[in-house]
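Colleague: Here is the input, now give the coordinates:
(2 chains)
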Amino acid sequence: MSDDPALFSLTELAQAIAARRVTSRAATEAYLSRIAELDGTVAAYVAVDAEGALQAADAADAAVARGDPLGPLHGVPLAHKDMYYRAGQVTECGSRVRAGFRPSFTATVLQRLDAAGAITLGRLAMVEFAMGPHGYNENLRQCRNPWNLDHVPCGSSSGSGVAVAARLAAGSLGSDTGGSVRCPASANGVTGLLPTWSRVSRHGVMPMSPSLDSVGPLARTAADCARLLGVIAGADPLDATCSAHPVADYEAGLSRPLAGVRVGIPDGYFDEDVAADVADRIGAATEIVRALGAAVVPVPVPDAVQLAADLHPLMMKSEGAANHQGWMRSMPEKYSREVRQRLQAGYFIPAPDYVQSQKVRGPLLRAFADAVFSRADVLLTPVLPRGAPTIAETTTADGPAYLRMVVSLTRNTKPVNFFGLPAMSVPCGFTDAGLPTSFQLIGRPFAEALLLRLAHQYQGRTEWHARVPRGI
Amino acid sequence: MAVTEMLVRAQNAQAQIPLTDLRAAELPVELNQLAAAAEAVRHWQKFDAEPADFARVLHALAWTE
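Modeller: You can find the predicted model right below:
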C-alpha cells in the first residue's frame, strides 16, 4: 500500500486514522495538494473549503489524541455533489437560479456523515439541477473524464465520479434519478451504489424527481460504499417517504461465501446494442463471478423493462416541470438552453398519464420481480453499453438527437429507478479505447448487502477498481 | 390523437412557458413518444389501484437471506 493517504481507500484511511498511523490533517493536506495540482484540469470541484477542512481535521486529530470514541468515518475527507443543504452555506445545484443560495437547515445525510466524523473538502460539480447524463454544465468549468480529457465524465454526479477517480476525495455522495450515480461511476472507473428508493433520506437534498431520486455513494471500493451506506441509510422522520425497513450491517457480511447465490445474465433488453469490447469485459467478469462460487443462470428479460424505460421520462419530466414552474416563468433566462429544453416537455404531459405512471409502477415492479427474481438473486448487466462518448459527441442543439444521446447513456440504468430497486456499478476493465467500463448488479428491494458482498468479492479477485488515471 | 405543434402552442397559453418557434415545432416528437409510452401501459392500470401502492409492493418484495 502506498504511504500517500490520498491513495488509501476510504476504509483503509479510516482505519489508519483510528490506529494513529495517519493524522486527519495529513490526509486532508494530501487531498488539498492533489486538488491544487489536478483540479484545474478535471474541474471536479466548484468550491474548496481548505480552511474549514483543516480546522475539522485538527479537531478530529485532537479527538483521537484524547481517546474519544471515534465514528466510522472519523477524520476522513469527503466531498459531495453540490445539492446537499448545509445550514448557512452556499448550495447552488449547478445552476444560476440558485446562485448564492444558503439553506436554513442541513440535510439529514450530511448530519449523519458529520456524526460519523467525516470531513468535507468542498462542493462538487454536477449537471445543472441534475438534468443530464453527460456530465457537463455550461454554468461551470468543463468537468472532464480523468482517463481521457476529451471524453465526458457522465453525470449528473460528474464531480463525484471524477473526484473519486482522480483521488481528490476519499468518497462522495451523488444522487441517482436515472443513472446519475452509476453512469459517472462507470465512466470514471469507480464504484457506485444506487440504494433502494426510500432507503436513504432525501431531506435537505435538491429534488429532481422525488418518485425516482435516491442518494447514493461513489467511492473506490464496495467496502467503502458499504461504510458510507451504513452511515446514511435508515428512517428519517423529516422525510415522509424514507423507509423504516431495518438497516443491515453492510460491512459484516462482505466476505460471506457466495455459494448458492444465483447471478442472472439477461436475455433481452440489457444485452442489446452493447459494444463488442464492453460485452467482452462483461463476459470476463461473469466468469470471475462464477469462479467465486455463484451460480450463473440465463434470465429472459420481461417486457416490463422496456415499458419502465419508456415511462421513466414521463414521470421524471412531469415532476421536474412541477418543481421548476415558478422559476421557469419568472427567470427563464437563468436556465441553460439545454435544461430549459429538458424541462419543457413536462408542461405538456397530460395529468392522467402521470397518475397512471404511478398506478402501474407497482404492477410493473411485480412483473419484473416475478420474471427475474424467481430465477436469480441478482441481475448482471452492462452499465453503459459503450465507453463514455467524447464531449463533442454529446453536444447537440437538435432536440431529437439530444434525446437519442440521453437514451444511449441511460437505457440500462433508468428502468432500475422506475422499479425502485438497488443497483451497483462495479469497474470490470477498460474499453479498447482505454476508457473504464463496468457491470451493473441489480437486486431485490433492500438487497444492498448482497450486491455489496458480490462486488466486494469480485474486487478481491480483480484490480480494475484500484487503477488510478495517470494522464491528467 | 397525435400531439401537434398547434396543440403545444394552445396548451402553452395556460402553461406560460417560454418557448421558441423551433422548440414548439420539435416538442411534439418527444411528447408523442411519451404519449405512446402511456398508451402502452393502459391495460396495466386498474380502476381501483392506489397510486401510492408502489411503496407497499417495494417492501413486500424485500430481499431476505
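Colleague: CA atoms for contacts and neighbours, from now on please.
Modeller: Fine.
Colleague: Can you confirm whether stretch A:94-111 lies near chain B?
Modeller: No. Legend: contact between stretch A:94-111 and chain B by Cα under 8 Å from any Cα of the partner chain is lacking; minimum distance shown is 15.8 Å.
Colleague: Quick one: end-to-end distance for that stretch.
Modeller: 22 Å (Cα to Cα, to the nearest Å).
Colleague: for stretch A:4-16, same thing?
Modeller: Across stretch A:4-16, the terminal residues are separated by 12 Å (Cα to Cα).
Colleague: Show me which positions of it end up buried.
Modeller: By neighbour count on 16 or more other Cα atoms under 10 Å in any protein chain shown, the buried set for stretch A:4-16 is A:5-16.
Colleague: Number of residues surrounding residue 36?
Modeller: Defaulting to chain A. Using other Cα atoms under 10 Å in any protein chain shown, residue A:36 has 13 other residues around it.
Colleague: oops, chain B please
Modeller: Neighbours of residue B:36 (other Cα under 10 Å): 14.
Colleague: Can you pull the poorly scored residue ranges out of chain A?
Modeller: Counting by pLDDT under 70, the ranges of chain A that qualify are A:1, A:397.
Colleague: Against residue A:383, how distant is the most centrally placed residue in it?
Modeller: Using Cα atoms, centre = their mean, the residue of chain A that lies closest to the mean C-alpha position is residue A:181, 2.0 Å off. Distance, residue A:181 to residue A:383, by Cα to Cα: 11 Å.
Colleague: what does residue A:402 give?
Modeller: 20 Å.
Colleague: So which of these two has more stuff around it?
Modeller: Just comparing residue A:402 and residue A:383: by other Cα under 10 Å the higher neighbour count belongs to residue A:383, 32 against 16.
Colleague: just checking, the more buried one touches residue A:436?
Modeller: No. Using Cα atoms under 8 Å as the test, residue A:383 is too far from residue A:436 to be in contact (11.0 Å).
Colleague: Residues that sit against both of the two, list them.
Modeller: Both residue A:383 and residue A:436 are in contact with residue A:186, where contact means Cα atoms under 8 Å, 6 or more residues apart in numbering or on different chains.
Colleague: picking up where we left off before, and the residue nearest to the centre of chain A, what is it in contact with?
Modeller: Counted by Cα under 8 Å, 6+ apart, residue A:181 has contacts A:155-157, A:161, A:174-175, A:192-194, A:216-218.
Colleague: Now do the strands in chain A.
Modeller: Along chain A, counting by DSSP state E, strands occupy A:45-48, A:77-81, A:119-124, A:171-176, A:191-194, A:214-219, A:262-267, A:295-300, A:378-382, A:423-430, A:436-443.
Colleague: Might you calculate how far the fourth one sits from the centre of the chain?
Modeller: The reference is to strand A:171-176. Here strand A:171-176 is found 5 Å from its chain centre; the criterion is Cα atoms, centre = their mean, to the nearest Å.
Colleague: Please identify which helix or strand holds the residue nearest in space to the middle of chain B.
Modeller: Per Cα atoms, centre = their mean, the C-alpha nearest to the average position across chain B is that of residue B:34, at 5.4 Å. Following DSSP states H and E, one finds residue B:34 within helix B:21-40.
Colleague: Likewise for residue B:49?
Modeller: Short version, using DSSP H and E: residue B:49 is in no helix or strand.
Colleague: Okay, buried residues for the lengthiest helix in chain A please.
Modeller: Ordering each helix of chain A by length in residues (DSSP state H) puts helix A:304-330 first. For helix A:304-330, burial by neighbour count (16+ other Cα under 10 Å) applies to A:304-321, A:323, A:325, A:328.
Colleague: What is the distance between stretch A:98-116 and the centre of its chain?
Modeller: Here stretch A:98-116 is found 18 Å from its chain centre; the criterion is Cα atoms, centre = their mean.
Colleague: That stretch: end-to-end distance?
Modeller: Across stretch A:98-116, the terminal residues are separated by 29 Å (Cα to Cα).
Colleague: who touches the nearest residue to residue A:213 once chain neighbours are set aside in this structure?
Modeller: Spatial nearest neighbour of residue A:213, excluding adjacent residues (Cα to Cα, 6 or more residues apart in numbering or on different chains): residue A:177 at 4.5 Å. By Cα under 8 Å, 6+ apart, the residues touching residue A:177 are A:208-209, A:212-214, A:414, A:417.
Colleague: follow-up on the earlier one: show me which residues of the helix holding residue B:34 are buried.
Modeller: Of the residues in helix B:21-40, those buried (16+ other Cα under 10 Å) are B:23-24, B:27-28, B:30-35, B:37-38.
Colleague: now for the longest helix of chain A, which elements pack on it?
Modeller: With contacts taken as 3 or more Cα pairs under 8 Å, 6 or more residues apart in numbering or on different chains; DSSP states H and E, helix A:304-330 sits against helix A:337-344, helix A:351-359, helix A:361-372, helix A:414-419, helix B:21-40.
Colleague: and of the ones you listed, who's closest to residue A:283?
Modeller: Nearest to residue A:283, of all the helices and strands packed on helix A:304-330, is helix A:361-372, at 19.4 Å by Cα to Cα.
Colleague: And for residue B:48, the neighbour number?
Modeller: Residue B:48 is flanked by 7 other residues according to other Cα under 10 Å.
Colleague: again, but for residue A:461
Modeller: Residues contacting residue A:461 under the criterion other Cα under 10 Å number 12.
Colleague: what's the answer for residue A:227, then?
Modeller: 20.
Colleague: quick one: contacts for it?
Modeller: Residues in contact with residue A:227 (Cα under 8 Å, 6+ apart) are A:11, A:72, A:250-251.
Colleague: hmm, try it at 10 Å
Modeller: A:10-11, A:72-73, A:217, A:219, A:221, A:249-251 (Cα atoms under 10 Å, 6 or more residues apart in numbering or on different chains).
Colleague: try residue A:201
Modeller: A:107-109, A:214-215, A:232-243.
Colleague: rerun at 7 Å
Modeller: By Cα atoms under 7 Å, 6 or more residues apart in numbering or on different chains, residue A:201 lies in contact with A:108-109, A:236, A:239, A:242.
Colleague: Neighbour count added to the residues you listed, as TSV?
Modeller: Formatted as TSV, the contacts of residue A:201 follow (neighbours: other Cα atoms under 10 Å in any protein chain shown):
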residue	neighbour count
A:108	24
A:109	25
A:236	19
A:239	15
A:242	19
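Colleague: Among the residues you listed, which one sits closest to residue A:421?
Modeller: The closest of the contacts of residue A:201, once distances to residue A:421 are taken by Cα to Cα, is residue A:242, at 14.3 Å.
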